[in-house]
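Chemist: please work out how this folds:
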Amino acid sequence: MENHRNISEFILLGLSYDQNIQIFCFVLFLFCYVALLVGNLLILVSIQCSPLFHQPMYYFLLHLASVDICYTSTVTPKLIADLLVERKTISYGNCMLQVLTMHFFGGTEIFILTSMAFDRYVAICRPLHYMTIMSRTRCNLLILAAWGGGAVHAFPLFSIAVGLPFCGPNEIDHYFCDIFPLLKVACTDTYITGVLVIAFSGMVALITFVVLFVSYGIILFTLRNLSAEGRRKALSTCWSHITVVILFFGPAIFIYLRPPTTFPDDKILALFYTIIAPMFNPLIYTLRNTEMKNTMRKVWCQTLHSKGARN
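Modeler: Numbering: from 1, shown residues only. This next block holds a predicted model:
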């Protein structure tokens, strides 16, 4: 721990040195963050206040919206604030906290997406046994496993980050504290540590992506046996899920499943799984879902009507 005390803060180099680009990014990411918060809060309230809460798919979507808010809030507010200042710093403690929370909520999101894929698999491939298999008890167990999986994923990476000695350079070429940029400025040989990071992070993302890919492949193959209307409805839901999976997993696998190093383009790719994918989740899951749109319309019309009646 003596080495850690030599550095009390890190300097984040951010996305760009150009002032005009920083102002543009400030406006863009502020809009994205507000849209993410509003969209996910609308989903949370709409599902909580409607019968959809008792349907497994929407129960998982409720938890996904909650995790999206927490996950993006670990990085985005700091990024937005830093775009307005010349010297972007983060304390050692907050840096380590960012590593922990980002991987915890990111890992939880991965496992919730897996639970949603399992739900769609059962709904389409085992429709007669759907309510028996996807009971509320099993849904709760899957959600509990997702949060537990997020913790199991995050704490080894957090332990690695906390154990790194920092005694010299403290400039991180990123807009948030992540494990690979921290390895780059550590005062020790980090090759073995980098391999462990790939095992804990990259392999988890890859294996989960393969499981999801196979699951949706089986689902799409099974759709041949459905009616035209059933096929259309199932395809609409599945393509929504597949879009989210690709936006989230593609950049994450590229960054974490390779020899431990960093590239300038990593910062751009990281935007996809820290800001862009979570922002699109509410749009993808509502605009392409007639049931969700009708429910939101009904819930908010009733809310506004009741407020108008009281006034």
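Chemist: so what touches stretch 202-213?
Modeler: Residues outside stretch 202-213 that contact it (Cβ atoms under 8 Å, 6 or more residues apart in numbering) are 107, 110-111, 113-114, 117, 153, 245, 249, 252-253, 256-258. Using the backbone N, CA and C atoms, a C-beta is placed for each residue, glycine as well.
Chemist: now stretch 128-144
Modeler: Under Cβ under 8 Å, 6+ apart, the answer for stretch 128-144 is 54, 56, 59-60, 63, 112, 115, 118-119, 122-123, 126.
Chemist: please repeat the previous calculation with a cut-off of 10 Å.
Modeler: Stretch 128-144 is touched from outside by 54-57, 59-60, 62-63, 108, 111-112, 114-116, 118-119, 121-124, 126, with contacts defined as Cβ atoms under 10 Å, 6 or more residues apart in numbering.
Chemist: quick one: buried ones out of those residues?
Modeler: For those, a neighbour count by 16 or more other Cβ atoms under 10 Å gives the buried set as 55-57, 59-60, 62-63, 108, 111-112, 114-116, 118-119, 121-124.
Chemist: which of the contacts of stretch 202-213 tops the neighbour count?
Modeler: Neighbour tally across the contacts of stretch 202-213 (other Cβ atoms under 10 Å): the maximum, 28 neighbours, falls on residue 107.
Chemist: just checking, that one touches residue 248?
Modeler: No: with contact defined as Cβ atoms under 10 Å, residue 107 does not reach residue 248; the gap is 11.9 Å.
Chemist: show the pLDDT at residue 39.
Modeler: The per-residue pLDDT reported for residue 39 equals 87.
Chemist: immediately after the helix or strand that it is a member of, which helix or strand?
Modeler: Assigned by DSSP states H and E, residue 39 belongs to helix 19-48. Next helix or strand after helix 19-48 toward the C-terminus (DSSP H and E): helix 56-73.
Chemist: check which helices and strands the helix or strand just after that next one sits against.
Modeler: Note on helix 56-73: by DSSP H and E, the next helix or strand toward the C-terminus is helix 76-82. If contacts are counted by 3 or more Cβ pairs under 10 Å, 6 or more residues apart in numbering; DSSP states H and E, helix 76-82 sits against strand 9-12, helix 19-48, strand 89-91.
Chemist: centre of the chain to the shortest one, how far?
Modeler: Averaging C-alpha positions (Cα atoms, centre = their mean, to the nearest Å) puts strand 89-91 23 Å from its chain's average.
Chemist: name the helices or strands packed onto that strand?
Modeler: Here strand 89-91 touches strand 9-12, helix 76-82, helix 92-125, going by 3+ Cβ pairs under 10 Å, 6+ apart.
Chemist: chain center to the second one, what's the gap?
Modeler: In terms of Cα atoms, centre = their mean, the gap separating the centre of helix 76-82 from the centre of its chain is 17 Å.
Chemist: what does the last one give?
Modeler: A distance of 6 Å separates the C-alpha centroid of helix 92-125 from that of its chain, computed with Cα atoms, centre = their mean.
Chemist: helix or strand right after that helix?
Modeler: Using DSSP H and E, the helix or strand that follows helix 92-125 in sequence is helix 130-133.
Chemist: so what's the residue count around residue 166?
Modeler: Neighbours around residue 166, by other Cβ under 10 Å: 20.
Chemist: returning to what we had before: between the helices and strands packed on helix 76-82, which gets nearest to residue 277?
Modeler: Shortest distance between residue 277 and these, using Cβ to Cβ, is found for helix 19-48: 10.0 Å.
Chemist: buried set for that closest one?
Modeler: 22, 25-26, 29, 32-33, 36-37, 39-40, 42-44, 46-47.
Chemist: now do it against helix 56-73, angle only.
Modeler: On the basis of axes from the mean of the first three to the mean of the last three Cα atoms, to 10 degrees, helix 19-48 is oriented at 150 degrees to helix 56-73.
Chemist: starting at the chain centroid, how far to helix 19-48?
Modeler: 14 Å.
Chemist: ok, now stretch 251-258?
Modeler: 14 Å.
Chemist: run through who's touching it.
Modeler: Contacts for stretch 251-258 (Cβ under 10 Å, 6+ apart): 106, 110, 178-180, 194, 197-198, 200-206, 208-209, 262-263, 265-274, 276-277.
Chemist: which PyMOL command selects the buried ones in the residues you listed?
Modeler: In PyMOL syntax, the buried subset of the contacts of stretch 251-258 is picked out as below (16+ other Cβ under 10 Å):
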select buried, resi 106+110+178+179+180+194+197+198+200+201+202+204+205+206+208+209+262+266+267+270+271+272+273+274+276+277
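Chemist: what sits against residue 216?
Modeler: Contacts of residue 216 (Cβ under 10 Å, 6+ apart): 117, 120-121, 238-239, 241-242, 245.
Chemist: how about stretch 136-151: buried residues?
Modeler: Within stretch 136-151, the residues that count as buried by 16+ other Cβ under 10 Å are 138-139, 142-143, 145-147, 149-150.
Chemist: phi first, then psi, for residue 171.
Modeler: Phi and psi for residue 171, reported as degrees, to the nearest 10, are phi -90, psi 120.
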